[in-house]
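Asks: sequence-free structure coming up:
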């Protein structure tokens, strides 16, 4: 069993997103995505202990400082480039005094503190080096050449109640041993990574302008 004192939580953010410019600091229902994810993690059992933001831009650093959160000074290369190796993207892998890391996607505004707590607890009890959130799906899928890749019951049509369960990456919560990141492996051997089923709504990941607008409207309805 892993020790919680050997684990840190990191939110890695930047401001040069192309599809939604300055997404992390764009006004969002009276707050911002960056402030929201910080406030969410501060409500977890971990609180501010072993919690870092990995950021390059001074605006993000100022907000983190005002909220009393530890800052890892992300390099400009990591913040500006998409086409770099895992060990360069997550450059904190050998610079923080921990064995394990939980990475939280700051673009999922509906993620709950208790979900993060449960994810951390499950990861600590797990024997796996890596773990990530997934969304359970019951649907039919085909590959690019039209071959069915989920089992189809022969005695009826497209009945999703009977189709076998598959899992979609949630792009929300990730757990990894830090040292394997330096080997350009994210979360370790893909055959041994543990999956963690999550509520699909909490995994709503803002990537496009329409998603930002929809999420903001839902956020206002839920909390105002």
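Replies: Here it is on my side, so go on. Fair warning: this is a prediction, and the values are worked out from it, not measured in the lab.
Asks: tell me where the model's unsure across this structure.
Replies: Counting by pLDDT under 70, the ranges of the chain that qualify are 82-83, 154-156.
Asks: which residues of it fall in strands?
Replies: Ranges of strands within the chain are 7-12, 51-55, 70-73, 100-104, 131-137, 166-177, 194-197, based on DSSP state E.
Asks: other residues contacting the longest helix seen in the chain?
Replies: Counting by DSSP state H, the longest helix found in the chain is helix 209-223. The contact list for helix 209-223 (CB atoms under 8 Å, 6 or more residues apart in numbering) reads 19, 20, 23, 26, 28, 29, 109, 110, 204, 205, 206. Every residue, glycine included, has its C-beta placed from N, CA and C.
Asks: what about the fourth one, distance to residue 168?
Replies: When distances are taken as CB to CB, to the nearest Å, residue 26 and residue 168 turn out to be 26 Å apart.
Asks: neighbour count: the two, which is higher?
Replies: Using other CB atoms under 10 Å as the criterion, residue 26 and residue 168 rank with residue 26 on top: 17 against 14.
Asks: that one is in contact with residue 15, isn't it?
Replies: No: between residue 26 and residue 15 there is no contact under CB atoms under 8 Å: 9.6 Å.
Asks: for residue 2, which non-adjacent residue is closest in space?
Replies: The shortest distance from residue 2 to any non-neighbouring residue, by CB to CB, 6 or more residues apart in numbering, is to residue 124 (4.5 Å).
Asks: the one you found reaches residue 6, doesn't it?
Replies: No: in this structure residue 124 lies outside contact range of residue 6 using CB under 8 Å: 9.1 Å.
Asks: quick one, helices of this structure?
Replies: Counting by DSSP H, one finds helices in the chain at the ranges 33-42, 58-66, 76-80, 86-89, 113-125, 178-181, 209-223.
Asks: out of these, deepest packed?
Replies: Mean neighbour count, computed with mean count of other CB atoms under 10 Å, is highest for helix 33-42 among these, reaching a mean of 21.
Asks: quick one, that one and strand 100-104 angle?
Replies: Per axes from the mean of the first three to the mean of the last three CA atoms, to 10 degrees, the angle that helix 33-42 makes with strand 100-104 is 130 degrees.
Asks: just name whatever secondary elements helix 33-42 is in contact with.
Replies: For helix 33-42, the elements it packs on are strand 7-12, strand 51-55, helix 58-66, helix 113-125, judged by 3 or more CB pairs under 8 Å, 6 or more residues apart in numbering; DSSP states H and E.
Asks: swap the cut-off to 10 Å and go again
Replies: strand 7-12, strand 51-55, helix 58-66, strand 100-104, helix 113-125, helix 209-223 (3 or more CB pairs under 10 Å, 6 or more residues apart in numbering; DSSP states H and E).
Asks: ok, the second one: who's next to it in the sheet?
Replies: Paired with strand 51-55 in the same sheet, following DSSP bridges, are strand 7-12 (parallel), strand 70-73 (parallel).
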